[in-house]
Every structure is written in structure tokens, then in C-alpha cells.
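Novice: Following is a predicted model, sequence given first.
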Amino acid sequence: MVNIHWVDIIIVIISVVFTLGAGFYFANRQKSSDQYFSGSKTIPAWAIGISIFATLISSVTFLAYPAAAYKSNWILLVQGLMVPIVLVGLIWVIVPLFRKVIRLSTYEYFERRFSPFARMYSSIAFILTHFSKMGTVLYLVSLALATLTGIDVTTFILCLTAIIIILTLLGGMEAVIWMDVIQGFLLIGGGLLCIGVLLFSSEKGAGFMLNEAVSMKKIDFGPYDFSFSELTFWVLVINGAFYALQKYGTDQTIVQRYLAAKNDKDAKKAAYIGVLASVPVWALFMLIGSLLFVFYNSGGVVLPDGMTSDQVFTYFIGTELPVGAVGLVLAALIAAAVSSLDSDMNCLAAIGVEDFYQRLNPNCTDKQRLIVGRLLVLFAGVSMSGVALLYAAWSGQGVLGVVFKLYAIFSAGIVGIFLLGLFSKRANKQGLHVGIAVCVAFTAYAILTTTKIGDSLILDFGKYNFPHHKYMLGVYSHLIVLVVGYFASFFFKSEKVKDELTIYGYFKLKEKNQI
């Protein structure tokens, strides 16, 4: 614990008050469920793009990337580097597809292309994945703040939950996007501030610090062995390609922002801004970790005994940054959590209304949709807080990690569904259902044979346990749905698929000069 100066406390309080003020400012504009979930359709492309970036760069990035680079190197950045490579080739068709085909839910596309089951499967997968992620993010950022200030972690969990619920509950997607813009710049500023302090921490200058980081192999992407059993460069190249497709093609938090743009052109521009802004910021936080290693291992400053790599950045913030700078970085850390979690809560509510409430009550009014949406925001926030409090009670350990891995069994292969629907007119719902069944069985085998409770695996087949790194599991699950779903479709009669639901519809419109 370090003593936080009153100046830093005031900076953090001002940041929090400003965030809450945004929620109240936009509250009166939320007259319909469409406005609440998609904004006013007047938000400029650059703001939506920065919002996409801020959503992708969460407080986990703020804390985990420096820790990863300190402990190893920049290998985790390979996943992020694959995002622009993949998206440049597909964003031009993904954006207009969703803006034309769906009303609000990303997973409406899966129902129109395949079946209601495909929609429910993918929708529930999104809910489970983000529900577990939200609690984890809230716990980690609260733990970091508690470590710095000495205030109990539970207090931070409850306070942050209240702030995020108020912002999202009152302001809707429009408040979320504009606050993401401010929080995105705050996040970048916090990172640059830390880089500046680290680069000039040595009398020998910035060049010395960078050269030392390279010579210590802290700015490197290896190992480069072509092996899928360990975390290698090639594992993350392959995983990163599917990560890009999953985030930009099947994730409600991103797709919902496409719908907030004025037109297709602005939506595409926003997607490119989000991608191109994310990669250098990921690299920025990797560089922080590398420079931290040099700072604490070049004979000058020594870390306390027993400190782990996950704690180093937090310790640096509290002990090395000047008064005022600490407050700015803490505000950036809180901003990173808010910008990620407010998006998740709004999008979870949108999915709940669009995929479940309206299906159960098809004659509901727009006012009812708006009320239910706000109730779901509240429920998502309380649930998120509950998960974080359980983590705190169990010191980050316990059955939650196992539960979330079991969730993954029933949320695998979403990118496979998307690619199958987009590129194949032959694929049908029966074939897809077979592919999903095989995928769930395979994912269950892989997770259960690699997950331990205590010292024992949940399921142990000896040498027949899943042999590859966990990052490859996601890749295999998508490929299984894609390949099995495609070939299984030949055993069933297919109905004619509308061109607008596939990539071929884009080419037809292109030929007619309609896009």
C-alpha cells in the first residue's frame, strides 16, 4: 500500500463525477428502445471508432499486458496484430451485411441464415462469455485500486458497480459511446505518461532503456517453433485470425456500434478507426512491461521480496509517479474498466430484450422494451458485482474458474457458424446443428481433460488428453463447426438461401453499382 496524495484523490473524484454527469446529461434523450440501444444515429464515425477502441482496451489490458511483457515478451501482441490483417479483407462486407439484415441483435443473422436454435446458441454464448468476463474485469481493477490505496477491495467493487450502472442505466448507448471517447483518450494519456517516466528514468536516456529491453529479449515475439502444444508465435497468429473474426463479426459490443452510425460508410470508417487505434495502444502497454523489467533489473531500483509480475505495474504507479500523475493513471485505470463494462451491460440488455423478451412477448410496446432493457442493465450490473465479490471472498480462486470453463463448452464455434453462413449457400440448419453437436462434444473433451480441481484433472485419459495449448481450442472449435457443418449439410435437403445473407449478395450489388 502507498499513501495517495490528496491531489490524486481529487483528480479521481473529478473523473468519476464527470462520468456520472454524462449519464444524467443523456438521460432525457432516451425516448425509445432504439435510441437507448443504438443511439441517435447522429454520432460521428470517429467517435464510434474511438468507442470501439475503448471497448477493446479494457482494464485487463491496462494491467495484464505490462505484466505479460515483464514476465515474458510481446508474444501476446501477435493476436492483436492479426486483427487489422484479417479485418482489412472482410470489414467491407461484414458492416453492410449486419446493417441491412439485423434490427439490433447480431444473432438475428444466425436465425435468418439458419434457425432459431442457431440464434439462441450464439446469443447464450455471448451472454455467458461476457457475464464471466465482466466479473473478472471488475475484480481485477478493484484489486489493483485496493492495493494502491489500502481501501478494502469490496468497497471498490460496490462503488464502481454503482457508477457503471448509473451511467449505462440513464444514458444508454449514446452516453456509453461519448464517455468511451473521453475514457479512451484518458487511457492513452495514462499509458504515455508511464512510458515517459520509464524512458527517462535512467541518466543514460531513452535510447539506453530501449536497447536494454531489446538485449534482454523483452521486445520479442518468440518462441517461433512451429508447435501447437506451447504458446508460440504461430499459435497466436492462427488464434488471432479467429479472434478478429469473433470480435468484429460476431460480438454484440462491436456490431451494435455499426448500427449506431449514420450510414454504411461511417460504420466502416468507425471499424477501421477502432482497429487501427487498438494495435498501437496494445503495443504501448507491452512496452510499459518491457521497460518495467529494465527499470527493476538494471541495478538501480529493487522490488520488494515476493512481488509477482502481476503486481509490478501497480507498485510502480504508487511509488515512482509524481503527485498528480498517480491520480491521472488511476483515473485512466477506472476509465478503462468503465468503458469496457458499460458497453457489455448495454449490449447484454439489448440481447435480452431482442432475443428473449420480444420472443416471449411479441406484441410488446416500445416503452415496455425500454423498461425491460433498463431492468436488464440493472440485473447485469448486480450480477457482475456478485461475481466480483465471490472472487474477492475466495481471493480470486475457487470454483468460479472451473464454472467459467464449463460455460466455454457451450459457447464454442461461433465464428464457424458465421463463416459457414457467410461463405456457403449449400450449408443448411440440419448440417449446422450436427456441427455444433460435434463441436460441443470436442470442446467438453478438451476442457475437461485439461482443467484441474485441486491436483487432479476433471477427466483424465492419460496420453489421450487434449495435447495442445488452450489458445488452439478456440481455433479447433470454429473449424469443426465450419467443416462438419458444411459436409453434414449434404445429407439434408437445403432450402434456397437469400443472396443478401451471404457474401455473394454483396458481389451482386457491387455488379449493379448499388454499393
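Specialist: That came through, no problem.
Novice: Provide a list of residues in contact with Y248.
Specialist: Listed by C-beta atoms under 8 Å, 6 or more residues apart in numbering, the contact set of Y248 reads V83, L87, L90, I91, I94, I254, A271, V275. C-betas here are computed from N, CA, C, even on glycine.
Novice: Equivalent analysis for V83, please.
Specialist: Contacts of V83 by C-beta under 8 Å, 6+ apart are G240, Y243, A244, K247, Y248, V275, S278, V279.
Novice: switch to 10 Å and redo it
Specialist: Neighbour list for V83: 56, 240-241, 243-245, 247-248, 274-276, 278-279, 282 [criterion: C-beta atoms under 10 Å, 6 or more residues apart in numbering].
Novice: quick one: it and I75, what's the gap?
Specialist: Here the criterion is C-beta to C-beta, to the nearest Å. By it, V83 lies 16 Å from I75.
Novice: One more: P96?
Specialist: 35 Å.
Novice: Turn the contacts of Y248 into JSON lines, including distance to G184, pLDDT and secondary structure.
Specialist: Formatted as JSON lines, these follow (distance: C-beta to C-beta, whole Å; pLDDT from 0 to 100; DSSP: H, G, I helix; E, B strand; the rest coil):
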{"residue": "V83", "distance to G184": "17", "pLDDT": "87", "secondary structure": "helix"}
{"residue": "L87", "distance to G184": "19", "pLDDT": "83", "secondary structure": "helix"}
{"residue": "L90", "distance to G184": "24", "pLDDT": "82", "secondary structure": "helix"}
{"residue": "I91", "distance to G184": "20", "pLDDT": "85", "secondary structure": "helix"}
{"residue": "I94", "distance to G184": "22", "pLDDT": "88", "secondary structure": "helix"}
{"residue": "I254", "distance to G184": "15", "pLDDT": "90", "secondary structure": "helix"}
{"residue": "A271", "distance to G184": "15", "pLDDT": "90", "secondary structure": "helix"}
{"residue": "V275", "distance to G184": "14", "pLDDT": "85", "secondary structure": "helix"}
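Novice: Show me which of these is closest to F156.
Specialist: The shortest approach to F156 among those belongs to I254, at 27.8 Å (C-beta to C-beta).
Novice: isn't the closest one right next to A54, touching?
Specialist: No: the pair formed by I254 and A54 falls short of the contact definition of C-beta atoms under 10 Å, at 11.8 Å.
Novice: quick one: common contacting residues for the two?
Specialist: Common contact partners of I254 and A54 (C-beta under 10 Å, 6+ apart): G274, S343.
Novice: out of the two, which sits in the more crowded spot?
Specialist: A54 (32 against 24; other C-beta atoms under 10 Å).
Novice: Compute the number of surrounding residues for the closest residue to P96 other than its chain neighbours.
Specialist: Nearest residue to P96 in three dimensions, chain neighbours excluded: D264, at 4.7 Å (C-beta to C-beta, 6 or more residues apart in numbering). Burial of D264 is recorded as 17 neighbouring residues (other C-beta under 10 Å).
Novice: Can you verify my assumption that D264 contacts Y258?
Specialist: Yes: counting by C-beta under 10 Å, D264 touches Y258, with 8.7 Å between them.
Novice: Now the common contact residues for the two.
Specialist: By C-beta under 10 Å, 6+ apart, the residues touching both D264 and Y258 are V95, P96, L97, F98, R99.
Novice: Next, the fourth one: secondary structure please.
Specialist: Remark: F98 carries the secondary structure label helix [criterion: DSSP: H, G, I helix; E, B strand; the rest coil].
Novice: OK, contacts around it?
Specialist: Counting by C-beta under 10 Å, 6+ apart, F98 touches S105, T106, E108, Y109, G249, I254, V255, Q256, Y258, L259, D264, A267.
Novice: Then the first one?
Specialist: By C-beta under 10 Å, 6+ apart, V95 lies in contact with 248-249, 255, 258-259, 261, 264-272.
Novice: Name the member of the residues you listed with the most neighbours.
Specialist: With neighbours taken as other C-beta under 10 Å, the top of the contacts of V95 is A270, carrying 29 neighbours.
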